[in-house]
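# Okay, here's the prediction I keep looking at, along with the sequence it came from:
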Amino acid sequence: MSEVDPYDEVMRLRDLLRSWGVEYYRNDAPTVSDSEYDRTLLALRELEQKFPHLVSADSPTQRVGAAPLEGFETVVHRLPMLSLDNAFNADDLLDFDRRVRERLDGAQVRYACEPKLDGIAVSIVWQEGELTLAATRGDGRTGENITQNVRTIDSVPLRLSGENIPRYLEARGEIFMPRAGFEAFNARARRDGGKPFVNPRNAAAGSLRQLDSSITRRRPLSFCAYGLGYVEGMSGALLSHTEAMAQLNQWGLPISEHSRSVPGIDGCERYYEDLSQVREGLGFDIDGIVFKVDTFAEQERLGFVSRAPRWAIARKFPAQEEMTVVLGVEFQVGRTGAVTPVARLDPVFVGGVTVSNATLHNADEIARLGIKVGDTVIVRRAGDVIPQVAGVVVDRRLPQAEDVAFPDSCPACDSVLVREPGEAVWRCDAGSACPAQRRAAIEHFVSRRAMDIDGCGEKIIDQLVDLDLIKTASDLYELSQDTLAGLERMGTKSAKNLQAAIEDSKNTTLSRFIYALGIREVGETTARQLAEYFGALAPLFTATDEQLQEVEDVGPIVAGHLQRFFADPGRQEMINSLISHGVYWPAPEVQIGDLPLSGQTWVVTGKLEQMSRDQAEERLRVFGAKVSSSVSGKTSCVVAGPGAGSKLKKAHSLEVSVIDEAEFIIQMEGWQE
């Protein structure tokens with residue numbers, strides 16, 4: 001610190017953090033990434049540790065969140081809602097464990113481990129079993145009264161169930177927006193010209209801070225309990241965090257199915273690695289793992305520091321948001337002709353991978369962001385979601401930054417771009433005459449969930465299209481082994497394997513075939529419902545608008561896309577060509593009402609060993625079952641593999657039949673007879 005005065009640097013960092021805190025906590029519109037905020041907070045904490053005389057009570061290192069918003073009543077928490085210290089690497093976690101054991105006389109400690117959901121911390125109170133109050137964390141001591149909004153969230157019980165319910169129960173937890181709901185909400189916002197949310201965390205915050213609870217009701221929010229607050233009037237004592245969470249679950253509160261209790265810091269590291277492996281497959285964002293000393297007696301001995309408990313720490317995952325620079329913007333044409341702007345980025349490590357491209361969605365999104373080439377931007381990547389530019393850091397804009405010009409014609413074939421009324425997307429109107437659309441349609445056709453032609457990746461398709469060896473998907477079935485072997489980096493063995501995969505793909509299902517055709521807005525679920533309703537392909541060619549809309553989830557827009565697709569002579573010719581090349585699917589032998597599981601609803605949970613969950617669900621549908629993602633009183637049976645959590649517990653509480661994978665296989669053999 002020889003060149004910078006410590007006092008000036010501390011003041012600068014505090015001003016930055018306070019400004020960012022208002023944007024993040026109060027306005028739900030962050031202008032820097034989470035990782036940038038964390039790095040700055042860590043720098044301030046290290047400075048204050050080095051110069052203790054500079055520590056003050058109003059420092060961001062001593063506070064939690066932000067002051068309550070105006071417009072909501074203020075709630076004073078009966079017990080403070082503190083924040084957690086962070087561990088950014090394995091050494092930080094080891095130091096935490098060392099400090100814990102030193103204060104507990106060196107004994108090995110048992111830790112409760114749970115995912116750190118990326119949402120909004122809340123306090124919810126039930127009196128005599130009835131929900132009476134819900135509040136945000138706020139500054140840790142006072143929060144906002146959001147009771148009416150929380151009452152609209154289906155996963156929050158309005159009345160507790162079970163026995164030994166306390167007279168006064170305060171549970172702490174996280175309200176969050178699952179990824180599927182977040183993506184659907186933003187897709188609607190972009191389509192309707194609204195403002196999309198930056199990330200699921202801000203979507204949850206913005207939804208909770210609505211003065212009109214009917215708006216909150218329409219948002220896809222969920223709740224997960226992670227701890228106890230103030231409790232009064234309960235017989236018996238809860239001895240540990242794990243025991244308390246199990247009790248909350250018995251009273252009807254959802255808890256994380258991924259929670260575990262493990263011995264020692266080695267168990268914590270194993271849990272961290274295990275959850276890291278499945279993080280991308282979760283249906284919600286987590287930004288780390290919380291480790292808590294499990295027993296309440298040891299927690300009490302350890303106590304608190306000013307803003308955090310000594311008995312808990314958050315081990316952070318690699319950031320899902322980072323900052324980088326836009327090097328340029330390119331425009332890609334998809335299989336439906338949609339022109340999508342893609343930002344070319346200075347590569348940055350985010351969400352566990354190096355990201356060099358991010359979608360900008362459409363022209364309206366470019367205008368909303370106000371993005372320019374050369375801008376510093378916040379890039380977000382969560383799970384399998386395509387990296388997105390979440391915001392522009394306007395304060396870092398350079399004078400030479402250039403506007404992004406949306407093209408007037410198709411970048412692939414120079415055809416006219418059209419924009420249908422009510423849509424945000426510009427599309428090339430050339431259809432199959434556009435090489436980019438042909439290429440994208442073939443890539444979709446061969447994909448795993450479509451015709452599943454293993455080994456036919458983008459680079460192979462690019463060569464086949466560029467060499468004019470294929471124009472449509474049906475041309476794949478005319479390729480010889482010699483032709484394939486002549487492609488770049490394709491030897492005789494690889495060519496033989498690819499030709500075999502093309503041949504194997506001829507045996508498919510009607511639903512897969514419909515999905516593989518790449519009809520606009522017809523995903524896997526809609527394709528399956530069309531196959532089940534019509535039973536064959538021919539009726540789809542002549543189906544009326546009314547007939548199509550009788551299919552579940554098919555409305556007038558999708559019906560219109562289907563009619564235009566099957567009325568197109570070129571697409572009819574391609575379908576007939578595919579069938580003439582030997583593509584086929586088994587004809588239905590029985591009506592859906594005659595199938596052994598007709599009218600039943602099944603749930604598959606946990607990790608199966610002899611098949612994937614997708615395969616198990618597909619087999620259930622073949623036998624007539626409806627497959628659901630949640631357990632309810634209407635569930636007929638649950639197939640539970642190792643690692644099954646809250647769904648299995650709920651099935652037991654509702655007395656729903658539960659079988660393991662071995663029993664499932666035995667039952668399938670019986671259904672086939």
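Done, it's in.
# residues in contact with residue 239?
Shown in contact with residue 239 (C-beta atoms under 8 Å, 6 or more residues apart in numbering): 295, 296, 297. Using the backbone N, CA and C atoms, a C-beta is placed for each residue, glycine as well.
# In the sheet, which residues pair with the first one? Tell me.
Applying DSSP bridges to residue 295 gives these bridge partners: residue 240.
# which ones are touching it?
With contact set as C-beta under 8 Å, 6+ apart, residue 295 has these partners: 110, 239, 240, 241.
# And the buried ones among those, selectable in PyMOL?
Buried members of those, defined by 16 or more other C-beta atoms under 10 Å, are picked up in PyMOL with:
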select buried, resi 110+240+241
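# okay, the contacts of residue 295 in CSV with pLDDT next?
As requested, the contacts of residue 295 are arranged in CSV below (pLDDT from 0 to 100):
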residue, pLDDT
110, 95
239, 92
240, 94
241, 95
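# so where do the strands sit in the stretch 1-150 of the chain?
Assigned strands in the stretch 1-150 of the chain, in chain order: 74-76, 86-87, 110-117, 120-127, 130-136, 142-144 (criterion: DSSP state E, counting those that start in this stretch).
# can you give me the mean pLDDT across the first one?
It stands for strand 74-76. Per-region confidence: strand 74-76 scores 92 on mean pLDDT.
# contacts for it?
Strand 74-76 has contacts (C-beta under 8 Å, 6+ apart) with 68, 123, 133, 135, 138, 141, 142, 143, 144, 145.
# Kindly recompute the last result at 10 Å.
For strand 74-76, the external contacting residues (C-beta atoms under 10 Å, 6 or more residues apart in numbering) are 67-68, 123, 125, 133-136, 138, 141-147.
# Is it possible to mark the buried ones in the residues you listed?
Buried residues within those, defined by neighbour count using 16+ other C-beta under 10 Å: 67-68, 123, 125, 134-136, 138, 141-147.
# So which residues of the stretch 501-650 of the chain form helices?
All helices of the stretch 501-650 of the chain, identified by DSSP state H, counting those that start in this stretch, fall at 510-516, 524-534, 538-542, 545-549, 556-567, 569-580, 613-622, 646-653.
# re earlier: show me which pair in the buried ones among the contacts of strand 74-76 is furthest apart.
Greatest spatial distance among these (C-beta to C-beta): 67 and 125, at 21.3 Å.
# can you tell me how far residue 615 sits from residue 516?
When distances are taken as C-beta to C-beta, to the nearest Å, residue 615 and residue 516 turn out to be 18 Å apart.
# Any idea what the residue nearest to residue 122 when sequence neighbours are not counted is bridged to?
Closest residue in space to residue 122, ignoring its immediate chain neighbours: residue 175 at 5.4 Å, by C-beta to C-beta, 6 or more residues apart in numbering. Applying DSSP bridges to residue 175 yields these beta-bridge partners: residue 120, residue 223.
# From what I see, residue 175 and residue 221 are in contact.
Yes. The pair residue 175 and residue 221 passes the contact test of C-beta atoms under 10 Å, sitting 5.7 Å apart.
# what sits in contact with each of the two?
Both residue 175 and residue 221 are contacted by 119, 120, 149, 150, 153, 155, 156, 204, 207, 208, under the criterion C-beta under 10 Å, 6+ apart.
# among the residues you listed, who's most crowded?
Using other C-beta atoms under 10 Å as the neighbour definition, the shared contacts of residue 175 and residue 221 reach their maximum at residue 204, which records 29 neighbours.
# And for the spatially closest residue to residue 471 that is not a sequence neighbour, the neighbour number?
Nearest in space to residue 471, with sequence neighbours left out and distances taken as C-beta to C-beta, 6+ apart, is residue 438 at 6.3 Å. Other residues near residue 438 come to 22 when the count uses other C-beta under 10 Å.
# Tell me the gap between the helix or strand in which residue 438 is found and the middle of its chain.
Using DSSP states H and E, the secondary-structure element containing residue 438 is helix 435-446. Counting by C-alpha atoms, centre = their mean, to the nearest Å, helix 435-446 is centred 26 Å from the centre of its parent chain.
# among the contacts of residue 295, which two are most distant?
Longest span within those, C-beta to C-beta: 110 and 239, 11.4 Å.
# Quickly list what's touching both of the two.
Shared contacts of residue 110 and residue 239, counting by C-beta under 10 Å, 6+ apart, come down to 294, 295.
# mind listing what's buried in whichever strand or helix holds residue 275?
When secondary structure is defined by DSSP H and E, residue 275 falls within helix 264-278. Residues of helix 264-278 classed as buried by neighbour count (16+ other C-beta under 10 Å): 265, 267, 268, 269, 271, 272, 275.
# And stretch 456-472, by the same measure?
Within stretch 456-472, the residues that count as buried by 16+ other C-beta under 10 Å are 456, 460, 461, 463, 464, 465, 469, 470, 472.
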